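A.B. asks: Quick one, what's the 3D model for this:
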Amino acid sequence: MMNRIFLIMLIIGVPLSVIGGLLHFPTILMFIIYCLTIVALASFMGRATESLTLVVGPRVGGLLNATFGNAVELIISIFSLKAGLIGVVLASLTGSVIGNLLLVGGLSFFIGGLKFKVQKFNVFDARHNSGLLMFAIIVAFVIPEMFSQNLTETKTMTLSVGIAIILILLYIAALLFKLVTHRGVYTKDADENVVTEEPEWSKGKAILILALATLVVAYISEKLVHTFETVGEQMGWTELFIGVIIVAIVGNAAEHASAVLMAFKNKMDVAVEIAVGSTLQVAMFVAPLLVLISLFFSQSMPLVFTVPEIIAMVTAVLLNIVISNDGESNWFEGATLVAAYLIMGIGFYLL
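C.D. replies: All right, here's what the predicted structure looks like:
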């Protein structure tokens, strides 16, 4: 049923996105059309990565889901950088971190917990991810904010570039550790690649759909970015709220749908890998990559967040670690994470 709805949204949304842009439909209307079309495209990306997950296993499948899901946000962010919307980009990165850890993780725990009293996932992966989250958010994001108080803009940018390179190198090392050198050491994944259910699409078809969806998302994302300023003025939304809530939810729609679906099917290893793995990819790869890409535009982006953004991300990390470090989840823990997200959302709206 939902797949049919998303297909109808896609069939209507893509032509409307093109026609509306050419005929200059009202900006608010186009903003809604662009967002709904990207969500529909994200659902197809989620289904494609789910098919791949059944073939390549939960770890690689979760990584693929996070990567293609974050590709949407990366594309939106690059066009935002080009337009000089540095605040929107930094806010969207904040939104991704708190959205994945609290909203996606929380909904996964909550929806899965309504069906299963207790759901278990790999405790060693949870602890490994906890250490990386502490490093990526609390060390790599807080330090630039603290040091920038006593540095010039040029030195702050130099510090940001240095941190960005270190983050990317450590992220690559983390992938090597998890998928190559220590694959199977901390988990009984000998049967990880055994397909227990038939994938919806073949490997080739899934990859083709992912590639096509990403291209269409790139086109619509560029159009979406140009509506931000007008929509913000008409709706009374700040640049911070648009980035933290709107761009983050639209940009991460693929992971949102996939993680909740996996939790409902009691595939918690995949659900947690999507939620936390996506957060790590945003913090350790997407954010530093955007810092480096910004050097090629007229306005470069230092890795310096506002104090509310820093506090929100640190709080999300600490709460997620406390709740998920035991390798078990239930609906109440999910409700707690979602409640924290809603409180932060109200705060960012009122700022």
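
A.B. asks: Flag the shaky bits of the stretch 151-300 of the chain, pLDDT-wise.
C.D. replies: Across the stretch 151-300 of the chain, the ranges flagged by pLDDT under 70 are 184-197, 251-255.

A.B. asks: V225: what's it in contact with?
C.D. replies: 76, 79-80, 83, 85 (CB atoms under 8 Å, 6 or more residues apart in numbering). Every residue, glycine included, has its C-beta placed from N, CA and C.

A.B. asks: Where neighbours are concerned, which of those has the most?
C.D. replies: S80 (29 neighbours; other CB atoms under 10 Å).

A.B. asks: mind checking the SS state of it?
C.D. replies: Applying DSSP: H, G, I helix; E, B strand; the rest coil to S80 yields a three-state assignment of helix.

A.B. asks: mind checking how far it is from L350?
C.D. replies: 23 Å (CB to CB, to the nearest Å).

A.B. asks: one step back: would you turn the contacts of V225 into JSON lines with pLDDT?
C.D. replies: Formatted as JSON lines, the contacts of V225 follow (pLDDT from 0 to 100):
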{"residue": "I76", "pLDDT": "78"}
{"residue": "F79", "pLDDT": "85"}
{"residue": "S80", "pLDDT": "86"}
{"residue": "A83", "pLDDT": "85"}
{"residue": "L85", "pLDDT": "85"}
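
A.B. asks: for those residues, which one is nearest V317?
C.D. replies: I76 (23.3 Å; CB to CB).

A.B. asks: Can you report how many residues lie near the closest residue to N266 other than its chain neighbours?
C.D. replies: The shortest distance from N266 to any non-neighbouring residue, by CB to CB, 6 or more residues apart in numbering, is to F116 (5.6 Å). Counted with other CB under 10 Å, residues neighbouring F116 total 15.

A.B. asks: Serialize the contacts of V225 to JSON lines and add fields for distance to M1.
C.D. replies: Converted to JSON lines, the contacts of V225 look like this (distance: CB to CB, whole Å):
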{"residue": "I76", "distance to M1": "29"}
{"residue": "F79", "distance to M1": "33"}
{"residue": "S80", "distance to M1": "34"}
{"residue": "A83", "distance to M1": "38"}
{"residue": "L85", "distance to M1": "37"}
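
A.B. asks: Among those residues, which one sits closest to G21?
C.D. replies: Nearest member of these to G21, counting by CB to CB, is F79, at 13.9 Å.

A.B. asks: mind listing what I138 touches?
C.D. replies: Counted by CB under 8 Å, 6+ apart, I138 has contacts 314, 317.

A.B. asks: what about 10 Å?
C.D. replies: I138 sits next to 310, 313-314, 317-318 when contact means CB atoms under 10 Å, 6 or more residues apart in numbering.

A.B. asks: before we move on, back to that, now the residue nearest to N266: how far from L303?
C.D. replies: From F116 to L303 the distance is 40 Å (CB to CB).

A.B. asks: Kindly report the same for G277.
C.D. replies: G277 is 21 Å from L303, by CB to CB.

A.B. asks: Check E273 too.
C.D. replies: Relative to L303, E273 is positioned 25 Å away (CB to CB).

A.B. asks: and if you look at I78?
C.D. replies: Distance from I78 to L303, by CB to CB: 16 Å.

A.B. asks: More neighbours: these two, which one.
C.D. replies: Of the pair I78 and L303, L303 is the one with more neighbours under other CB under 10 Å, namely 26 against 20.

A.B. asks: Pretty sure the more buried one sits in a helix.
C.D. replies: No - according to three-state DSSP, the state of L303 is coil, so it is not within a helix.

A.B. asks: my guess is it meets V291, correct?
C.D. replies: Yes - assessed by CB atoms under 10 Å, L303 is found in contact with V291 at 5.4 Å.

A.B. asks: overlap in contacts of those two?
C.D. replies: Residues touching both L303 and V291 by CB under 10 Å, 6+ apart: 144, 157, 160-164, 167.

A.B. asks: Show me just the buried residues among those residues.
C.D. replies: 144, 157, 160-161, 163-164, 167 (16 or more other CB atoms under 10 Å).

A.B. asks: and these, which of them are in helices?
C.D. replies: Those of the buried ones among the shared contacts of L303 and V291 mapping onto helices are 144, 157, 160-161, 163-164, 167, per DSSP state H.

A.B. asks: so which pair among those residues is furthest apart in space?
C.D. replies: M157 and L167 (15.3 Å).

A.B. asks: Next, please give the residue ranges for the strands of the stretch 51-200 of the chain.
C.D. replies: Counting by DSSP state E, counting those that start in this stretch, one finds strands in the stretch 51-200 of the chain at the ranges 119-120.

A.B. asks: now the helices: where do they sit in it?
C.D. replies: Using DSSP state H, counting those that start in this stretch, the helices of the stretch 51-200 of the chain run over residues 58-82, 86-98, 105-115, 123-133, 142-148, 153-176.

A.B. asks: just the ones you listed: most buried one?
C.D. replies: helix 86-98 (a mean of 27; mean count of other CB atoms under 10 Å).

A.B. asks: Quick check: mean pLDDT of that one?
C.D. replies: Mean pLDDT, computed over helix 86-98, is 89.

A.B. asks: same check, this time on stretch 318-331
C.D. replies: pLDDT averaged over stretch 318-331 gives 92.
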